[in-house]
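>>> Just the structure for this:
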Amino acid sequence: MTNTSCYPAFGLLLVDDEPAWLRALSLTLERSAGVTNILTCSDSRQVLALLESRDIGLVLLDLTMPHLSGEELLSRITESFPDLMVIVISGLNQVENAVRCMKLGAFDYFVKTVEEDRLLGGILRAIRMRELQQENREISSHLLAGELRRPEAFSAIITGDRTMLTIFGYIEAVAGSPQPLLITGESGVGKELVARAAHTLSGCRGPLVTVNVAGVDDTIFADTLFGHLRGAFTGADQPRRGMIEEAADGTLFLDEIGDLSIPSQVKLLRLLQEGEYFPLGSDRPKRSKARIIVATHRDLSAREQAGGFRRDLYFRLRTHHLHIPPLRERKGDIPLLLDHFLAQAAHSLGKKKPTPPRELAQLLATYDFPGNVRELRSLVYDAVSVHRDRILSMESFLKVALRPETQPTTPLPVATNLFSGLHRLPTFGEAAQLLVTEAMSRAGGNQTIAARLLGISQPALSKRLKLSR
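Modelled structure (predicted):
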């Protein structure tokens, strides 16, 4: 009998000549570990045929059976299906049996009388190992193919950057994994858009539920995520479903996870480890049915080393990890984003899309955008809101991109002195000419932009250019 639920994605085959034990183990796996994709077999002679016809990833094999013994069957499975994982479960606690089975290729060995938690833990470890193997193959396949299978899932993210396209391939590869996904990157790079793409690709039937946990204390965090029963605390007149339940069969996206308090981190860790949670006021756990995606602009590794983030939670979260580069590292996207936001802003404000000056994209490329894509969008909307003529004014962009505080004000450290290793120092005229040449290159030949970069007036730059000809 096969359960039609989908965890894990591959089947578990339970092999034992005692039907009662098969039923008991199936129920235990479902109720205590959420494992539902189970096939049972009480005749060892049928196992190899089942493995040929079904998508089986893990076999739990009794050692003492009639017709074909577990040890002989283990040998045949590892020979014919070397990628399959096999856990041997024996009624006898014999070291010799365990050693022989491990030499034959068994992943683990348990005695039937062992504590239930130890057995479940071993099965879940094997499931996770199998999932990682499949995910690694999927990632490798994506990277080797070099093409996206579902590019439409990323239509909201405007980019032509090679690094971003590689990230898209990684998202496609891990989107179906039940393990958490950690998205890092500076504020404004588009972490929520990436989370939405991952949710779309996951195939989950449920919704994407977003919760920003920055500044949320432990009690509010628990109530928001897990909900509460009536009477759980003063003012709890009605029961309330938590966000984890709202996201059932979908995705729960926890933004700014780096700001989570230590007590709340403990609760999140239990949710990820056990797959269960307790609504406030309840002593009966509920099973989580949501995929978890988290995001932060903070350096979690540094926070973990400083004691501000639990190490076990950090490593649990970064099972799948992607880092979105800042806009200053993918300036080739600026013209694409500029055109996109101009059209978007014009439509939103009920105006005709303005024509940007040819030098605008070059000007923006000289700016580091500390607010990333979000800042660029705000700049464009501000410019379009006051736009009147056919050609878009550059004034508002110039005020931001070339204001003094956006340019380096601290002197270069001695170690980076470009002249320190030269046998002959350049003259002031030669050094000035090099600066002018570099400024004109960065400004795309625009003297106004180049003059702002050098901190001189445009007439002064024009005069120097004439002298150098």
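>>> ok, which stretches of the stretch 151-300 of the chain are strands?
Chain-ordered strands for the stretch 151-300 of the chain, with DSSP state E, counting those that start in this stretch as the definition, fall at 181-184, 208-212, 227-228, 240-241, 251-255, 276-277, 286-287, 291-296.
>>> Give me the mean pLDDT for the helix ranked longest in the chain.
Among the elements of the chain assigned as helix by DSSP state H, the one spanning the most residues is helix 116-145. For helix 116-145, the per-residue pLDDT values average out at 79.
>>> Which secondary structure elements does it sit against?
If you count contacts as 3 or more Cβ pairs under 8 Å, 6 or more residues apart in numbering; DSSP states H and E, helix 116-145 packs onto helix 19-33, strand 56-62, strand 85-90, strand 108-111, helix 162-174. (C-beta placed from N, C-alpha, C; glycine too.)
>>> which residues of this structure score low on pLDDT?
Within the chain, the set of residues satisfying pLDDT under 70 comprises 1-6, 139, 142-146, 403-417, 421, 444, 469.
>>> what are the ranges of the helices in the stretch 251-400 of the chain?
Applying DSSP state H, counting those that start in this stretch to the stretch 251-400 of the chain gives helices spanning 262-274, 300-305, 311-317, 334-349, 360-365, 372-385, 395-401.
>>> buried set for the longest helix of the chain?
119-120, 122-124, 126-127, 130-131, 134-135, 138-139, 142 (16 or more other Cβ atoms under 10 Å).
>>> related to what we said a few turns ago, using a markdown table, please lay out the helices of the stretch 251-400 of the chain together with distance to Q46.
As requested, those are exported to a markdown table (distance: least, Cβ to Cβ, whole Å):
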| stretch | distance to Q46 |
| --- | --- |
| helix 262-274 | 34 |
| helix 300-305 | 49 |
| helix 311-317 | 39 |
| helix 334-349 | 58 |
| helix 360-365 | 67 |
| helix 372-385 | 57 |
| helix 395-401 | 72 |
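>>> thinking again about what came up before, among the strands of the stretch 151-300 of the chain, which is nearest T113?
Taking Cβ to Cβ, strand 276-277 is the member of these nearest to T113, at 25.7 Å.
>>> From the chain's centroid, how far away is the closest one?
Distance of strand 276-277 from the chain centroid (Cα atoms, centre = their mean, to the nearest Å) equals 22 Å.
>>> what's the answer for stretch 452-469, then?
Offset of stretch 452-469 from its chain centre (Cα atoms, centre = their mean): 48 Å.
>>> Ok, stretch 13-28 next?
Using Cα atoms, centre = their mean, the distance between the centre of stretch 13-28 and that of its chain works out at 37 Å.
>>> For that stretch, buried residues please.
Burial within stretch 13-28, assessed by neighbour count using 16+ other Cβ under 10 Å, is assigned to 13-17, 21-22, 25-26.
>>> Serialize the residues you listed to JSON lines and add fields for distance to L336.
Rendered in JSON lines, the data for the buried residues of stretch 13-28 read as follows (distance: Cβ to Cβ, whole Å):
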{"residue": "L13", "distance to L336": "50"}
{"residue": "L14", "distance to L336": "53"}
{"residue": "V15", "distance to L336": "56"}
{"residue": "D16", "distance to L336": "60"}
{"residue": "D17", "distance to L336": "64"}
{"residue": "W21", "distance to L336": "61"}
{"residue": "L22", "distance to L336": "58"}
{"residue": "L25", "distance to L336": "55"}
{"residue": "S26", "distance to L336": "53"}
